[in-house]
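Asks: Quick one, fold the following:
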Amino acid sequence: MQILIVGGGILGTTHSDEAIRRGHDVIHLEREPEARGATVRNFGLVWVSGRAPHELDAALRSRELWADLAVRVPGIGYRAAGSITLMRTDEEVAIAEEACARADTDLRGFSLLDADAVRAINPALQGKFLGGLHCTLDAAVESRQALPAIRGYLGATGRYTFHAGTEAREITTTASGVHVRDDHGRSYDADLVIVCPGATLGGLARDLAGDLPLRRVRLQMMQTAPLGEKLTTAIADGDSFRYYPGFAGSALDTLHKVQPQEPTAEEHRMQLLCVQRLHGGLTIGDTHEYQEPFNFDVDEAPYQHLSSVVETLLGRDLPPIVKRWAGVYSQCLDPTQLVHRAQAADNVWVVAGPGGRGMTLGPALAEQTADQLGL
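Replies: I've put the predicted structure just below:
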């Protein structure tokens, strides 16, 4: 089967890989010279911890698929390093204890550590905290390396063609399949088209499927110079309990009542996530902004807050901040949906809106699409 995929982000790329794995030929279009959206602006985290019960199976399957992809494509920089969510108050410890007492704690790879045990696993953490919720199943890839590495692997199969700087302008169902015209005047014929528009919800996506049941979310992040020592796991702070639905429960309800967020963190709907890149620098974030139109500039206060939290946990000054950026992703309005997957016309599908879970769930979502479409 000839499959044409529109969109070069994580969903478009993992759908391409899944189609090639199943023996199909793929033409892949990306409007930019290289994907520049949320996929390359994120942490690269494959985040099992904190997933809601209805997300957990997909997250675990996706982690398996990432590990398999790493064998085929070492350049994605996959490492199963795990994570530690660090608690600084008794209320945060209670949430971790509640999470570890649930029936699915083994599936999530959870264990509760005191401060000394945290430092034994991650010696870079020499700051102030009471303990940590260790998740052995969390992993990471290099978000800025993964897509080119996967495309290089797919290109070597002889069944994959990538057209960068190419925007699909018109998609028409015909008697023999689907006809696609791009902005260079080129045409393609395919048996199936899958459109993965990322956060670009207007233009072609709207022409095909109308107003999608998605909202857009803006975040701010930063990266430091090399730390000079190894951060053996990804880390998060207690505020992350507020943003991951897998931690919902009576202990979290108590936290909301008795432990308000620091004002900057509350205003910008913040949590700390931090992962060390292969080059040694730390990627740190993040914020959540939901009301459009989004600002075109970034605010300094969240960066100062995040720096202070990381320094408290590390017990040392951060290296210089060398990059700051913002990004936008799309998220399903229905929180029970992992992704919006809908047929726009005969043999034309739109797949979008995994929220901040695109890197975590991308391979599993592609596998689900392939199964649903009988590929």
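Asks: so who does the residue lying closest to A52 once chain neighbours are set aside touch?
Replies: Take A52 and drop its neighbours on the chain: the residue closest to it by CB to CB, 6 or more residues apart in numbering is P245, 3.9 Å away. C-betas here are computed from N, CA, C, even on glycine. P245 sits next to 50-52, 55, 335 when contact means CB atoms under 8 Å, 6 or more residues apart in numbering.
Asks: And those, which two are furthest apart?
Replies: G50 and P335 (13.8 Å; CB to CB).
Asks: Neighbour count for the two, which is higher?
Replies: G50 (25 against 11; other CB atoms under 10 Å).
Asks: isn't the more buried one right next to F247, touching?
Replies: Yes - contact criterion CB atoms under 8 Å: G50 and F247 qualify, at 5.8 Å.
Asks: Residues in contact with both of the two, list them for me.
Replies: F241.
Asks: hmm, which helix or strand of this protein has the shakiest average pLDDT?
Replies: helix 105-108 (a mean of 90; mean pLDDT, DSSP states H and E).
Asks: Which elements pack onto it?
Replies: Under the contact criterion of 3 or more CB pairs under 8 Å, 6 or more residues apart in numbering; DSSP states H and E, helix 105-108 touches helix 53-72.
Asks: for the helix it packs on, the distance to its chain's centre please.
Replies: Relative to its chain's centre, helix 53-72 lies at 13 Å (CA atoms, centre = their mean, to the nearest Å).
Asks: again, but for stretch 108-124
Replies: The answer for stretch 108-124 is 24 Å, by CA atoms, centre = their mean.
Asks: Just the terminal-to-terminal distance for it.
Replies: Criterion CA to CA, to the nearest Å; first-to-last residue distance in stretch 108-124 is 24 Å.
Asks: ditto for stretch 83-97
Replies: Using CA to CA, one end of stretch 83-97 lies 16 Å from the other.
Asks: For that stretch, buried residues please.
Replies: 83-88, 91-96 (16 or more other CB atoms under 10 Å).
Asks: Wait, a helix at A124?
Replies: No - using DSSP: H, G, I helix; E, B strand; the rest coil, the assignment for A124 is coil, not a helix.
Asks: Touching, it and G228? I think so.
Replies: No - A124 lies out of contact with G228 (CB under 8 Å); the separation is 9.5 Å.
Asks: out of those two, which sits in the more crowded spot?
Replies: Using other CB under 10 Å as the criterion, A124 and G228 rank with A124 on top: 19 against 9.
Asks: On the pLDDT front, check that one for me.
Replies: Note for A124: predicted pLDDT of 98.
Asks: Ok, G356 next?
Replies: 91.
Asks: so it sits in a helix?
Replies: Yes - checked against three-state DSSP, G356 lies within a helix.
Asks: Let me know how buried it is, in neighbour terms.
Replies: G356 has 20 nearby residues by other CB under 10 Å.
Asks: could you list every residue that touches S176?
Replies: Per CB under 8 Å, 6+ apart, neighbours of S176: D189.
Asks: ah, wrong one, I meant G131
Replies: G131 touches 86-87, 93, 96, 112-115, 117-118, counting by CB under 8 Å, 6+ apart.
Asks: Please apply the same query to R41.
Replies: Contacts of R41 by CB under 8 Å, 6+ apart are 143, 219, 221, 325-327.
Asks: Let me have those in a markdown table, extended by distance to A156.
Replies: What follows is the contacts of R41, written out as a markdown table (distance: CB to CB, whole Å):
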| residue | distance to A156 |
| --- | --- |
| S143 | 22 |
| L219 | 34 |
| M221 | 32 |
| W325 | 31 |
| A326 | 35 |
| G327 | 30 |
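Asks: Those: which two are farthest apart?
Replies: The farthest-apart pair in these, when distances are taken by CB to CB, is S143 and A326, at 15.1 Å.
Asks: Same drill for those two, tell me which one is more crowded.
Replies: S143 (24 against 19).
Asks: Which pLDDT value goes with the closest residue to R79 other than its chain neighbours?
Replies: Excluding its sequence neighbours, the residue lying closest to R79 (CB to CB, 6+ apart) is A140, at 5.9 Å. pLDDT for A140: 98.
Asks: Assign a three-state SS to A120, would you?
Replies: Going by three-state DSSP: A120 is helix.
Asks: in the stretch 151-300 of the chain, which spans are helices?
Replies: Taking DSSP state H, counting those that start in this stretch as the criterion, the stretch 151-300 of the chain carries its helices at 203-209, 250-258, 263-267, 300-314.
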